[in-house]
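Novice: generate a structure from the sequence data that follows.
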Amino acid sequence: MLSSSFGKNLKVTIFGGSHESHIGVTLEGLPKGLKVDLENIEKTLARRAPGRNAYSTARKEPDKPVIKSGLHNGVTFGLPLSIVIENTDFRKNDYQNFYDMPRPSHADYTARIKYGNNLLMSGGGPFSGRMTAPLCIAGAIALQILETHGVSIGAHIFSIGEVCDQAFNPVLISEAELSEIKERAFPIYSETVEKFMQEEILSAKQSGDSVGGVIECCALNFPAGIGGPMYDGVESILASIFFGIPAVKGVEFGSGFASTRLKGSQNNDPFYIHETDDHKTVKTRTNHHGGILGGITSGMPIIARVAFKPTPSISMAQDTVNLQSGTNEKLTITGRHDPCVVLRAVPVVESAMAVGLLDMLLENA
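Specialist: Predicted structure coming up:
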């Protein structure tokens with residue numbers, strides 16, 4: 001069973017595969033005495049779960065987290081915390097043809113080169129979007145700890161195809177706005193675009209195609225002074241976790257690529273002293289830097305946008321090769337697949353940010 005790990009102070013190991021008996025996560029470095037909120041974990045998993053509507057795969061999984069080790073009476077006591085989810089609704093027969101005929105834009109071909117036949121690749125195996133469920137478990141626990149420090153994290157669908165939502169106000173976004181979005185079945189900031197995004201997804205689905213999009217994520221009240229230069233920078237650490245999410249092809253912070261179209265005088269964020277009661281805080285009037293300067297948090301909202309490619313599993317006929325015969329072939333993919341992964345990926349992006357920020361915060365604990 002393949003596993004993948006990341007993190008320095010909070011080490012996260014995700015293991016299993018889409019059609020293995022189970023998937024799971026182990027967390028090392030959690031503070032002792034933490035009462036793990038299982039109800040909140042289940043709520044986060046429910047936001048990511050498949051089979052909820054016409055915009056996601058029909059695969060249905062209860063995604064019930066099962067504690068295997070690391071808790072005593074529901075409280076951490078210093079040993080690694082391990083939690084698994086049983087896989088129940090998988091169909092290995094849907095993937096029998098893909099061993100010799102790799103699906104375009106999937107990991108079938110590259111995994112075959114690296115692992116040969118030593119890896120169960122049904123449903124995408126360890127490369128599947130199914131592996132984001134354990135990440136959501138880790139994220140729910142991380143956010144539980146961050147909230148004790150006053151930190152809030154929330155995300156929304158920024159775009160699907162050509163349809164764009166309103167962006168977060170990078171200076172004035174509030175905790176109430178983030179909480180409100182989390183309660184929506186279709187997590188967008190401006191509800192006026194919901195219909196158009198849904199039509200974009202259904203149009204692609206009905207034609208046997210798929211569509212991608214962007215998720216915008218925000219962390220509020222994260223303290224200034226966390227991070228470091230170059231490869232210890234907040235962007236470097238968060239980006240590596242974001243890119244571990246299947247289907248992610250791009251990450252930007254603050255104004256990101258849009259800043260290339262600005263002059264320095266436009267992109268620079270002027271500092272000022274913000275006074276509340278008898279407390280003075282250094283803030284910036286704009287937030288093109290997305291809460292990070294020189295790899296170190298500034299105290300302003302941390303803003304990241306994560307781009308997801310169109311789901312590669314589509315029902316249109318595609319060109320591929322037969323690795324056994326060495327011939328060119330046509331391939332038609334059947335089975336149950338998301339026409340757009342963006343909708344279910346919102347809590348995944350939140351979780352990735354939560355785990356990364358907590359890992360850095362523990363550096364100073």
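Novice: does F6 touch G244 like I think?
Specialist: Yes - F6 is within contact range of G244, at 6.7 Å (criterion: CB atoms under 8 Å). Quick note: C-beta positions are derived from backbone N, CA and C, even for glycine.
Novice: give me the more crowded residue out of the two.
Specialist: F6 (19 against 16; other CB atoms under 10 Å).
Novice: contacts only, for the more buried one.
Specialist: 12, 240-241, 244 (CB atoms under 8 Å, 6 or more residues apart in numbering).
Novice: out of the residues you listed, which comes closest to V171?
Specialist: I241 (25.2 Å; CB to CB).
Novice: pretty sure the closest one sits against S351.
Specialist: No - using CB under 8 Å, I241 is not in contact with S351; the gap is 9.1 Å.
Novice: save the contacts of F6 as a markdown table, and put in secondary structure and pLDDT too.
Specialist: A markdown table is the format used below for the contacts of F6 (DSSP: H, G, I helix; E, B strand; the rest coil; pLDDT from 0 to 100):
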| residue | secondary structure | pLDDT |
| --- | --- | --- |
| V12 | strand | 97 |
| S240 | helix | 97 |
| I241 | helix | 98 |
| G244 | coil | 96 |
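Novice: pick out the most distant pair among those.
Specialist: Checking those with CB to CB, the most distant pair is V12 and S240, at 11.9 Å.
Novice: higher neighbour count, those two?
Specialist: Between V12 and S240, counting by other CB under 10 Å, V12 is the more crowded of the two (26 against 14).
Novice: in the sheet, who's paired with the more buried one?
Specialist: Per DSSP bridges, residues listed as beta-bridge partners of V12: F6, L27.
Novice: show the contacting residues for it.
Specialist: Here V12 is in contact with 5-6, 25-27, 135, 138, 355 (criterion: CB under 8 Å, 6+ apart).
Novice: following the helix or strand where L45 lies, which helix or strand comes up?
Specialist: For L45, the element it lies in under DSSP states H and E is helix 38-48. Proceeding N to C from helix 38-48, the next assigned helix or strand is strand 65-69, under DSSP H and E.
Novice: I'd like the next helix or strand past that following strand.
Specialist: strand 71-72.
Novice: who's in contact with whichever helix or strand comes after that next one?
Specialist: As assigned by DSSP H and E, the chain's next helix or strand after strand 71-72 is strand 75-76. By CB under 8 Å, 6+ apart, the surrounding residues in contact with strand 75-76 are 30-36, 70.
Novice: for those, which one is nearest I314?
Specialist: Closest to I314 out of these is V36 (39.1 Å), distances taken as CB to CB.
Novice: residues contacting F253?
Specialist: Counted by CB under 8 Å, 6+ apart, F253 has contacts 235, 238, 289-292, 302-305.
Novice: helix, strand, or coil at the closest residue to it other than its chain neighbours?
Specialist: Nearest-residue entry for F253: G290, 4.0 Å, with adjacent residues in sequence omitted and distances by CB to CB, 6 or more residues apart in numbering. Classification of G290 using DSSP: H, G, I helix; E, B strand; the rest coil returns coil.
Novice: hang on, G290 packs against P170?
Specialist: Yes - assessed by CB under 8 Å, G290 is found in contact with P170 at 6.9 Å.
Novice: which residues do those two both contact?
Specialist: Here G290 and P170 have 254, 300-301, 303 as joint contacts, going by CB under 8 Å, 6+ apart.
Novice: which of these fall in strands?
Specialist: I303 (DSSP state E).
Novice: how near is the residue in the chain sticking out farthest from the centre to M300?
Specialist: Taking CA atoms, centre = their mean as the measure, the residue most remote from the mean C-alpha position of the chain is D278, 39.1 Å away. As for D278, its distance to M300 is 22 Å (criterion: CB to CB, to the nearest Å).
Novice: what does F98 give?
Specialist: From F98 to M300 the distance is 46 Å (CB to CB).
Novice: these two: who's more crowded?
Specialist: M300 (23 against 20).
Novice: which phi and psi does the closest residue to that one other than its chain neighbours have?
Specialist: Spatially, and ignoring its direct neighbours in sequence, M300 is nearest to G291 (4.4 Å; CB to CB, 6+ apart). According to degrees, to the nearest 10, the main-chain angles of G291 amount to phi 80, psi 10.
Novice: what's G291 in contact with, if anything?
Specialist: By CB under 8 Å, 6+ apart, the neighbours of G291 are 219, 222, 253-254, 297-303.
Novice: tell me the confidence at the residue lying closest to T327 once chain neighbours are set aside?
Specialist: If the residues on either side of it in the chain are set aside, T327 comes closest to V321, at 7.0 Å by CB to CB, 6+ apart. Among the per-residue scores, V321 holds a pLDDT of 94.
Novice: so V321 belongs to a helix, correct?
Specialist: No - the assignment for V321, made by three-state DSSP, is strand rather than a helix.
Novice: burial count for N322?
Specialist: N322 - counted by other CB under 10 Å - has 14 other residues nearby.
Novice: please disregard the earlier target; I meant V342.
Specialist: Count around V342 with other CB under 10 Å applied: 28.
Novice: now D319: how far from K309?
Specialist: Counting by CB to CB, the gap from D319 to K309 is 18 Å.
Novice: the chain: helices as residue ranges?
Specialist: Applying DSSP state H to the chain gives helices spanning 38-48, 108-115, 132-148, 175-182, 194-206, 234-242, 264-267, 342-361.
Novice: could the ones you listed go into TSV alongside distance to G125?
Specialist: Output for the helices of the chain, formatted as TSV (distance: least, CB to CB, whole Å):
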stretch	distance to G125
helix 38-48	19
helix 108-115	7
helix 132-148	14
helix 175-182	30
helix 194-206	24
helix 234-242	20
helix 264-267	43
helix 342-361	18
